[in-house]
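Undergrad: Below: sequence and its predicted model.
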Amino acid sequence: MIISDLSTIEGRRYPARRRTQNLVGGAAPIRATQFSMGYVTLDPDGGQVPWHNQSQEEVYFIIEGRVEMCLGAERQVLKGGQAVYIPSGVFHQATNIGSTPAKMLYGYGPAGDVAHWRQELEGTLPRAGLDAPPLPDGARPQCTEKPV
């Protein structure tokens with residue numbers, strides 16, 4: 001039996017002020033090939049999964065907090081207990097709009113790393129409205145800061 005224990009997975013910090021811990025797929029203890037799953041903590045007041053797209057379909061499940069979810073041309077606030085489906089190829093972004101950490105799960109398939117993790121760490125994310133479609137009207141800006 002292979003068990004993934006969140007309390008023992010250090011995860012990775014990203015420039016957009018979040019911590020991602022892979023539970024299934026990628027560097028996780030459970031090496032599934034058909035899907036990946038992980039736990040994300042978005043820092044208060046703007047922690048983010050920046051504007052990006054990927055070839056996998058994905059679901060974000062908000063455990064706690066308030067998150068501005070941008071999906072294509074749509075923008076909506078999600079709260080704990082809500083999930084959103086992200087079709088493959090569609091640009092999306094999640095931003096914590098609360099004063100406490102927001103916590104969420106992601107699941108996508110098939111398994112494998114997604115380019116935006118590497119792009120964010122290298123400072124090469126496609127920029128909304130320049131290299132990628134614009135964010136929906138009124139959305140929080142995309143974090144494109146290069147790590148220090």
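TA: Good, I have the coordinates.

Undergrad: Quick one: low-confidence residue ranges for this protein.
TA: Along the chain, segments meeting pLDDT under 70 span 147-148.

Undergrad: And the strands in this structure?
TA: 12-14, 18-24, 36-42, 48-52, 57-64, 66-71, 74-79, 83-86, 92-96, 102-109 (DSSP state E).

Undergrad: could you dump these to CSV with mean neighbour count and distance to residue 134?
TA: All C-beta spots, glycine's among them, are computed from the backbone N, C-alpha and C. Shown next, in CSV, are the strands of the chain (neighbours: other Cβ atoms under 10 Å; distance: least, Cβ to Cβ, whole Å):
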stretch, mean neighbour count, distance to residue 134
strand 12-14, 16, 22
strand 18-24, 20, 22
strand 36-42, 22, 22
strand 48-52, 24, 9
strand 57-64, 18, 21
strand 66-71, 21, 10
strand 74-79, 14, 12
strand 83-86, 15, 18
strand 92-96, 26, 11
strand 102-109, 20, 24
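
Undergrad: out of those strands, nearest to residue 115?
TA: Nearest of the strands of the chain to residue 115, taken as Cβ to Cβ: strand 48-52 at 7.5 Å.

Undergrad: angle of the closest one against strand 57-64?
TA: Angle of strand 48-52 versus strand 57-64, following axes from the mean of the first three to the mean of the last three Cα atoms, to 10 degrees, is 160 degrees.

Undergrad: Only C-alpha atoms, please: export strand 48-52 in PDB.
TA: Extracted C-alpha coordinates of strand 48-52, given in PDB (Å, rounded to 0.1, in the frame of the first residue of the first chain):
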ATOM      1  CA  GLN A  48      -2.200  33.100  -6.600                       C
ATOM      2  CA  VAL A  49      -2.100  30.300  -9.200                       C
ATOM      3  CA  PRO A  50      -1.300  32.700 -12.100                       C
ATOM      4  CA  TRP A  51      -3.000  32.900 -15.500                       C
ATOM      5  CA  HIS A  52      -2.000  29.900 -17.500                       C
END
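
Undergrad: Which neighbours in the sheet does that strand have, and how are they oriented?
TA: Note on strand 48-52: by DSSP bridges, its sheet partners are strand 92-96 (antiparallel).

Undergrad: which residues pair with the residue nearest the centre of the chain across the strands?
TA: What sits nearest the mean C-alpha location of the chain, by Cα atoms, centre = their mean, is residue 49, with 4.0 Å. For residue 49, the beta-bridge partners under DSSP bridges are residue 94.
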